[in-house]
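A.B. asks: the sequence and its predicted three-dimensional model are supplied below.
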Amino acid sequence: MTADLEAVLAALAARLGADAGDPSDEHDRWAVYREALDDPAHLPDLFDVVALEPLDSISLGIVLHLLGSLPPSERPSWIDRLGTDHSRAYATRRAREVAVLQGDSVTALLDDPSVQDSWSDWLQLGLADSSDEPAVLHRLATEGRTKRVRRLASERIRTIERHGPGAS
């Protein structure tokens, strides 16, 4: 535990009105970070934390949690702060998947018959749960990697057929 991280943690906890707990305890640190994750006002502190946090799994958890709410242009700077090549590669892949999930149309990607094989379970679940694109949902309902993906996509198709796109 570095003095820099202790200072950032103490300042973050003070801004949150929270107890920083034992700075050497990763569970106490995570509790503070977790509370800060849902408020954009704390992004500068969390940006510092990602580079200072000694446990790469915690830094990666922070970045993964934030990727969907960050503007696409800011995602690489957060990923670059991660401490290992493995974590940076994982976060980079997730950022690409977030871009797919947030994109305007996934149907065009289906022109490549093997594209779905490159989609993680996380992306398949996200698309099955939120897509309004019939071609995507039908593909996932029949060829999704897991039973859960196939079931969610099938349920989403039925919901759209009953209530129209955008229905949940």
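C.D. replies: That came in fine, so what should we check first? Numbering: from 1, shown residues only.

A.B. asks: quick one, phi/psi of residue 21?
C.D. replies: phi 70, psi -150 (degrees, to the nearest 10).

A.B. asks: same deal with residue 133?
C.D. replies: Main-chain dihedrals, residue 133, degrees, to the nearest 10: phi -90, psi 110.

A.B. asks: number of nearby residues for residue 92?
C.D. replies: Counted with other Cβ atoms under 10 Å, residues neighbouring residue 92 total 16. Any C-beta I mention is one placed from the backbone N, CA and C, and that applies to glycine too.

A.B. asks: helix/strand/coil for it?
C.D. replies: The three-state assignment at residue 92 reads helix, by DSSP: H, G, I helix; E, B strand; the rest coil.

A.B. asks: which residues does it contact?
C.D. replies: Shown in contact with residue 92 (Cβ atoms under 8 Å, 6 or more residues apart in numbering): residue 79.

A.B. asks: just give the number of residues close to residue 36.
C.D. replies: Residues near residue 36, counting by other Cβ under 10 Å: 21.

A.B. asks: the spatially closest residue to it that is not a sequence neighbour: what's it in contact with?
C.D. replies: Once flanking residues are discounted, residue 36 sits nearest to residue 42: 3.8 Å by Cβ to Cβ, 6 or more residues apart in numbering. By Cβ under 8 Å, 6+ apart, the contact set of residue 42 is 12, 15, 16, 36.

A.B. asks: how close does residue 42 sit to residue 86?
C.D. replies: For residue 42, the distance to residue 86 equals 26 Å [Cβ to Cβ, to the nearest Å].

A.B. asks: ok, now residue 7?
C.D. replies: Per Cβ to Cβ, residue 7 is found 28 Å from residue 86.

A.B. asks: and what of residue 157?
C.D. replies: The spacing between residue 157 and residue 86, counted by Cβ to Cβ, is 37 Å.

A.B. asks: higher neighbour count, these two?
C.D. replies: The neighbour count for residue 157 versus residue 86, taken as other Cβ under 10 Å, is higher for residue 157 (17 against 11).

A.B. asks: show me the contacts for the more buried one.
C.D. replies: Per Cβ under 8 Å, 6+ apart, neighbours of residue 157: 134, 137, 138, 141.
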